[in-house]
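K.L.:
build me a model from this:
(2 chains)
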Amino acid sequence: MALDQSFVGRTYPPTPAYEVGREKIREFAEAIGDANPAYVDQEAAKELGHPDVIAPPTFVFAITFKAAGAVIEDPQLGLDYSRVVHGDQKFAYARPVRAGDRLSVTSTIEAIKSLAGNDILDIRGEVHDESGEHVVTAWTKLVSRAPEGA
Amino acid sequence: MTAKIAYDEVEVGTELPAQTFPVTRATLVRYAGASGDFNPIHWNEKFAVEVGLPDVIAHGMFTMAEAIRVVTDWAGDPAAVVEYGVRFTKPVVVPNDEAGALIEVSAKVAAKLDDRQVRVDLTAMCGGQKVLGMSRAVVRLA
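P.N.:
Residues are numbered from 1 along each chain as shown, chains lettered A, B, ... in the order given. Purely as a prediction, here's the structure:
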C-alpha cells in the first residue's frame, strides 16, 4: 500500500542527547580497520586542529538511523520495515563529530515516492550539538520493496 | 582541518591511491557490534537465504565506511571530507570461509570546486560488480 503523501515535511521531536565517547570511536575505527590516528590519539587529533579525537565520517549513521526509528516505526505512517532496504546515504558535515559531543537529531520526512509498487522514503536527520551548533546532516533513502505478486 | 594535499597540486583526473579491503564473517560480526546494526542478514546465512539473498551480505554502511578511507588516507585529516554520498547498488556477498570477500576501491578527482574544494568520484567493486553507485565526496584541500 502506498504511503500517505501528507507525511512529507513532517518533523519529529529532537532525540535525547547521544554522548560520543572516545572508546566508542576507537571501537568503530577498529571495526572498519581504520588506523588513522585522528580517531584514537588525542595528540594526533590536536595536531590537526581538533580539540579531541574525531569520529570516522560514517560513524554518525548509528545515531541518525536510531533517530530515524521514530519515522520508521511511526504506526500512522505504516512502513513495512521487514521489506526495507537501504537505497542511498549522504552526509554533509559542518564539522567532524568528536569525543565529548552530546548530539541530538531532528528527523524530517523529505519525500515519499511510489515507484513500480516500491515505497521510497527520504529521511533527513539534522544533527546538532549541545550548544545548538549544526554538526552534520544525514540523508537516508529507504526502499520498501513491493510484496511478491503485488 | 589540515589536509596534507594542496588544492593547487591536484587536477581533474588525479587518481587517489587505490585500496582493497578484505571482509570476512568475523569483520561483519565486529562491525555489527560497533555500529549497533544487528540485522541477521549480516551474520545469519539461514535468515539471509530465507529473505531471498544468495548468502550473508555486508552492511552497506560498512562498504561506505571502507570506501571513504581512500579519501581520508589521501587527505590525511578525515575532517577534510565535507560531503559524502553513495547509492547501494549491489550487495557485497560474504562467504563463510577464511578469504571472505574483497572490496576494491579506486577514486579520482572529478571536478575542482570553489573554496579549495574538489569533488572525488569513487568506484567500489566486489567480484567484478559495482557495489556502490553515485559515490562522491567533496573534499576541502590545503
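
K.L.:
how about the residues of chain A by chain B?
P.N.:
Residues of chain A found near chain B (C-beta under 8 Å from any C-beta of the partner chain) are A:27-28, A:30-34, A:36, A:38-39, A:47-50, A:54, A:56-58, A:61-62, A:65-66, A:85-93, A:95-96, A:139. Quick note: C-beta positions are derived from backbone N, CA and C, even for glycine.

K.L.:
in the chain, spot the strand with the most residues.
P.N.:
Since you didn't name a chain, this refers to chain A. In chain A, taking DSSP state E as the definition, the longest strand is strand A:102-115.

K.L.:
wait, I meant chain B there
P.N.:
strand B:101-112.

K.L.:
that one: which residues count as buried?
P.N.:
B:A101, B:I103, B:E104, B:V105, B:S106, B:A107, B:K108, B:V109, B:A110, B:K112 (16 or more other C-beta atoms under 10 Å in any protein chain shown).

K.L.:
out of the residues of chain A next to chain B, which end up buried?
P.N.:
A:28, A:31-32, A:34, A:36, A:38-39, A:48, A:50, A:54, A:56-58, A:61-62, A:65, A:86-91, A:93, A:95-96, A:139.

K.L.:
in strands, which of the residues you listed fall?
P.N.:
Checking these against DSSP E, those in strands are A:H86, A:G87, A:D88, A:Q89, A:K90, A:F91, A:Y93, A:W139.

K.L.:
low-confidence bits of chain B, can you list those?
P.N.:
Residue ranges of chain B with pLDDT under 70: B:1.

K.L.:
how about the residues of chain B by chain A?
P.N.:
Residues of chain B lying near chain A (C-beta under 8 Å from any C-beta): B:1-2, B:21, B:27, B:30-31, B:33-37, B:60-62, B:64-66, B:68-69, B:72-73, B:76-79, B:81-88, B:134.

K.L.:
dump the residue contacts of the residue most central in space within chain A.
P.N.:
Closest residue to the average C-alpha location of chain A: A:T64 at 2.5 Å, with C-alpha atoms, centre = their mean. Neighbouring residues of A:T64 by C-beta atoms under 8 Å, 6 or more residues apart in numbering or on different chains: A:V105, A:S107, A:G125, A:V127, A:A138, A:T140.

K.L.:
about what we covered before: ok, so of the ones in strands among the buried ones among the residues of chain A next to chain B, who is nearest chain B?
P.N.:
Ranked by distance to chain B (C-beta to the nearest C-beta), these are led by A:K90 at 3.2 Å.

K.L.:
show the pLDDT at that closest one.
P.N.:
In this model, A:K90 is scored at 98, pLDDT.

K.L.:
isn't B:A137 right next to B:V86, touching?
P.N.:
No: if you go by C-beta atoms under 8 Å, B:A137 and B:V86 don't touch, sitting 9.3 Å apart.

K.L.:
give the residues shared as contacts by those two.
P.N.:
B:L122.

K.L.:
where is the longest helix in chain A?
P.N.:
helix A:61-72 (DSSP state H).

K.L.:
just flag the most distant two among the ones in strands among the buried ones among the residues of chain A next to chain B.
P.N.:
A:G87 and A:Y93 (21.1 Å; C-beta to C-beta).

K.L.:
across the sheet, point out what pairs with the nearest residue to A:A111 once chain neighbours are set aside.
P.N.:
In this structure, A:A111 finds its nearest non-sequential neighbour in A:D122, 4.1 Å apart by C-beta to C-beta, 6 or more residues apart in numbering or on different chains. When assigned by DSSP bridges, A:D122 has beta-bridge partners A:A111, A:K141.

K.L.:
so who does A:D122 touch?
P.N.:
Counted by C-beta under 8 Å, 6+ apart, A:D122 has contacts A:I109, A:E110, A:A111, A:I112, A:W139, A:T140, A:K141.

K.L.:
give me that answer again for 7 Å
P.N.:
A:E110, A:A111, A:W139, A:K141 (C-beta atoms under 7 Å, 6 or more residues apart in numbering or on different chains).

K.L.:
and the residue nearest to the spatial centre of chain B, what are its phi and psi?
P.N.:
Nearest to the geometric centre of chain B sits B:A67, at 2.0 Å (C-alpha atoms, centre = their mean). Phi and psi for B:A67, reported as degrees, to the nearest 10, are phi -60, psi -40.

K.L.:
pull out the buried residues from the strand or helix carrying A:I120.
P.N.:
A:I120 is part of strand A:118-128, with elements assigned from DSSP states H and E. Neighbour counts using 16+ other C-beta under 10 Å place A:N118, A:D119, A:I120, A:L121, A:D122, A:I123, A:R124, A:G125, A:E126, A:V127, A:H128 of strand A:118-128 among the buried residues.
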